[in-house]
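**Q** Next one to model:
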Amino acid sequence: MNLRIVDKEVQDNRYDLFDVHFHSDVIKTMVTPDPDIITQWISETESSHSGNRRLIAGLDVEWRPNFNRNQQNPVAVLQICVDRRCLIIQLLYCGSIPESLFNFLGNREYDFVGIGIDSDVEKLLEDYELNVKNAVDLRGIAADAYGMENLKNAGLKKLCNVVLGKEIVKPKSVTMGRWDSEWLSLNQIQYACLDAFVSSEIARHLNVGAAGAAAASGS
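**A** Residues are numbered from 1 along each chain as shown. Have a look, this model is predicted:
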């Protein structure tokens, strides 16, 4: 599989930049806990997004695994991917969560897409009062589009294979890793980026958001 990550080695301690290569795609990936950098990324994303199509953002979260029933670790990392730009927010290390993020996630004109996204949305609300207004689970849409009932319970690997015709690897060692670490490994950054990017690409292939964009342009 064509997969690699390149550290851009920026000289700014507020964020890190990486190029994540997935087959023929290169995803510009930023990792940060800094509220001002988060606001800047959101502003650039919104201003550069074409007004004639609905903004679709792949969304996913990670947290340190809970190893007993009484342990409920909070979301450590929130990933958002729009087109080929990915933001990995280290929520645990944010001094404060910027208003821009609340507004972005709460924008009803945006579609936030993922696999089993409802549980992620619920946890973001519970842990940080971040309210994702328009969450779209891709499994049912893919099941209807392909006439494959089993996709309603599929994971990202299966949907990536069926919809995009590509393979994505999700090592358990990374899935179950220390997402609460202040310094994420290259494998974690690559994994987090691809979860959000692949979700956004699946949504694009399934034409998610087309109806909403048409309705908005006709109103």
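**Q** How far away from the center of its chain is the longest helix seen in the chain?
**A** The longest helix of the chain (DSSP state H) is helix 186-205. Relative to the centre of its chain, helix 186-205 is centred 6 Å away, using Cα atoms, centre = their mean, to the nearest Å.
**Q** Please save the CA atoms from it in CSV.
**A** The C-alpha coordinates for helix 186-205 follow below in CSV (Å, rounded to 0.1, in the frame of the first residue of the first chain):
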residue,chain,number,x,y,z
LEU,A,186,4.2,9.6,13.4
ASN,A,187,2.0,6.4,13.3
GLN,A,188,-0.6,8.1,15.4
ILE,A,189,-0.7,11.2,13.3
GLN,A,190,-0.9,9.2,10.1
TYR,A,191,-3.7,7.0,11.6
ALA,A,192,-5.7,10.0,12.9
CYS,A,193,-5.3,11.9,9.6
LEU,A,194,-6.5,9.0,7.5
ASP,A,195,-9.5,8.2,9.6
ALA,A,196,-10.9,11.7,8.9
PHE,A,197,-9.6,12.0,5.3
VAL,A,198,-11.0,8.6,4.2
SER,A,199,-14.3,9.4,5.7
SER,A,200,-14.4,12.7,3.7
GLU,A,201,-13.5,10.9,0.5
ILE,A,202,-16.1,8.2,1.0
ALA,A,203,-18.7,11.0,1.5
ARG,A,204,-17.5,12.8,-1.7
HIS,A,205,-17.9,9.5,-3.7
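**Q** Just want the phi and psi numbers for Glu85.
**A** One thing to correct before we go on: residue 85 is Arg, not Glu. Main-chain torsions, Arg85, degrees, to the nearest 10: phi -130, psi 130.
**Q** how about the nearest residue to it, chain neighbours excluded?
**A** Closest residue to Arg85 apart from its sequence neighbours, by Cβ to Cβ, 6 or more residues apart in numbering: Lys28 at 5.1 Å. Just so you know, the C-beta spots here come from the backbone N, C-alpha and C atoms, and that holds for glycine as well.
**Q** so is the one you found in a helix, a strand, or just coil?
**A** Secondary structure, DSSP: H, G, I helix; E, B strand; the rest coil: Lys28 is strand.
**Q** cool, the one 10 residues further on as well?
**A** Assigned with three-state DSSP, Ile38 falls in the helix class.
**Q** Just give me the neighbour total for Ala143.
**A** Neighbour count for Ala143, taken as other Cβ atoms under 10 Å: 18.
**Q** Likewise for Leu55?
**A** 20.
**Q** That one and Asp83 touch, don't they?
**A** No. Contact criterion Cβ atoms under 8 Å: Leu55 and Asp83 do not qualify, at 9.3 Å.
**Q** any common contacting residues for the two?
**A** Residues touching both Leu55 and Asp83 (Cβ atoms under 8 Å, 6 or more residues apart in numbering) are His49.
**Q** I'd like the average pLDDT over the longest helix of the chain.
**A** Regarding helix 186-205, the rounded mean pLDDT is 97.
**Q** and what of stretch 20-30?
**A** In this model, stretch 20-30 has a mean pLDDT of 96.
**Q** quick one: buried residues of it?
**A** Val20, Phe22, Ile27, Lys28, Thr29, Met30 (16 or more other Cβ atoms under 10 Å).
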